[in-house]
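Colleague: Predicted model, plus sequence, below.
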Amino acid sequence: MTKPPLTLYLAAPRGFCAGVDRAIKIVEMAIEKWGAPIYVRHEIVHNKFVVDGLREKGAVFVEELDECPTDRPVIFSAHGVPKSVPAEAAERQMVYVDATCPLVSKVHIEAERHHANGLQMVMIGHAGHPETIGTMGQLPEGEVLLVETVDDVTRLSPRDPESLAFITQTTLSVDDTKDIVAALQARFPAIVGPHKEDICYATTNRQEAVKAIAPEVDALLVIGSPNSSNSRRLVEVARSEGCRYAQLVGNAGEIDWRALNGVTTVGVTAGASAPELLVDEVVQGFRDRFEVTVEQVETARESVEFKVPRVLREDA
Ligand code: SF4
């Protein structure tokens, strides 16, 4: 039986960012240095495939520090942690390695700098996301006000409207955030903020690549886990760019092939925590059912790399 023709547009950049790459290396190098088990507070990155792979190598994932024994090293995830977490680890005399992405740490430092200058912070982010919890936890309670939407801005009641600064989560939608920043600046003209916003290069580049593809295709698949913020934003970006069928899939096995009946053009991308192997499997899934032509749509080139902490670069 002849297969129907299909063009697959692969977004570039897609998949792993420098922060995720570093966080995974940190866990692997810690297991190599100290042996298993190595404890990891929270999923090191939000991808089930990655987490399962590290678990097999000897990582034990926990949600809170008190679930870890004090005689084994613990690693903090790429999303960052409130200040109280390393403080507690130090108090319990635990060996810990912080895998917080340096671009998240940069936001932590920004928040501290503004706080030291007497400004109250507004954080644009998602309530309950570990990065938001970690960033808000850099300052004393009440010093960071969270806004998720433009509507939230109208409800803000800061201590002093003249003494405010804003920061953002790194994995937000670039377009939605622009609107929230504009609302903040309109209501609080004196508000201080980063030059653009704190959305990182990887989030921005992956959204730009999706924007280039989404209007041209019948469907667009984002490979990523449901708890991955940047992956979910990619689905939203595709939909807001007019793609009628944009779905998040964890792997090839989750593709709803019936929904793709009759399509001739499909876009594929992967969130910053999804490995390329999962993209290969999705491409193969299409090859099994269609006569596939693959086209890369490259909107940016990335060369960012982050070093792992010194403790893992030194000999045991
Ligand atoms: S998505 Fe951005 S901020 Fe998050 S780990 Fe990757 S590079 Fe760092």
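Modeller: All right, it came through fine. Numbering: from 1, shown residues only.
Colleague: Residue 203 sits in which helix or strand?
Modeller: According to DSSP states H and E, residue 203 maps onto helix 201-213.
Colleague: Check which helices and strands that helix sits against.
Modeller: Applying 3 or more C-beta pairs under 8 Å, 6 or more residues apart in numbering; DSSP states H and E, one finds that helix 201-213 makes contact with strand 5-12, helix 174-187, strand 219-223, helix 229-240, strand 265-270, strand 291-298. For every residue, glycine as well, the C-beta is placed using N, CA and C.
Colleague: Show me what counts as buried in the second one.
Modeller: Right, helix 174-187. Judged by neighbour count using 16 or more other C-beta atoms under 10 Å, the buried positions of helix 174-187 are 174, 176, 177, 180, 181, 183, 184.
Colleague: Among these, find the lowest-pLDDT one for me.
Modeller: The lowest pLDDT within these belongs to residue 176, with 91.
Colleague: residue contacts, it?
Modeller: residue 236 (C-beta atoms under 8 Å, 6 or more residues apart in numbering).
Colleague: and it, how far is that from residue 183?
Modeller: 11 Å (C-beta to C-beta, to the nearest Å).
Colleague: Same list (the helices and strands packed on helix 201-213) but as a markdown table, adding distance to the ligand.
Modeller: Conversion of the helices and strands packed on helix 201-213 to a markdown table gives the following (distance: least, C-beta to the nearest ligand atom, whole Å):
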| stretch | distance to the ligand |
| --- | --- |
| strand 5-12 | 15 |
| helix 174-187 | 13 |
| strand 219-223 | 14 |
| helix 229-240 | 5 |
| strand 265-270 | 12 |
| strand 291-298 | 19 |
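Colleague: most packed of the ones you listed?
Modeller: Greatest average neighbour count among those goes to strand 219-223 (a mean of 27), per mean count of other C-beta atoms under 10 Å.
Colleague: Need the CA coordinates for it. PDB is fine.
Modeller: What follows is strand 219-223, C-alpha atoms only, in PDB (Å, rounded to 0.1, in the frame of the first residue of the first chain):
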ATOM      1  CA  ALA A 219      -0.700  20.300  12.700                       C
ATOM      2  CA  LEU A 220       2.100  20.900  15.100                       C
ATOM      3  CA  LEU A 221       3.400  18.500  17.800                       C
ATOM      4  CA  VAL A 222       5.500  19.700  20.800                       C
ATOM      5  CA  ILE A 223       7.400  16.900  22.400                       C
END
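Colleague: Which secondary structure elements does that strand sit against?
Modeller: By 3+ C-beta pairs under 8 Å, 6+ apart, strand 219-223 packs against helix 201-213, helix 229-240, strand 245-249, strand 265-270, helix 276-289.
Colleague: at 10 Å what do you get?
Modeller: strand 5-12, helix 201-213, helix 229-240, strand 245-249, strand 265-270, helix 276-289 (3 or more C-beta pairs under 10 Å, 6 or more residues apart in numbering; DSSP states H and E).
Colleague: quick one on the thing from earlier: please identify which of the helices and strands packed on helix 201-213 is closest to residue 63.
Modeller: Of all those, helix 229-240 sits nearest to residue 63, with 17.6 Å by C-beta to C-beta.
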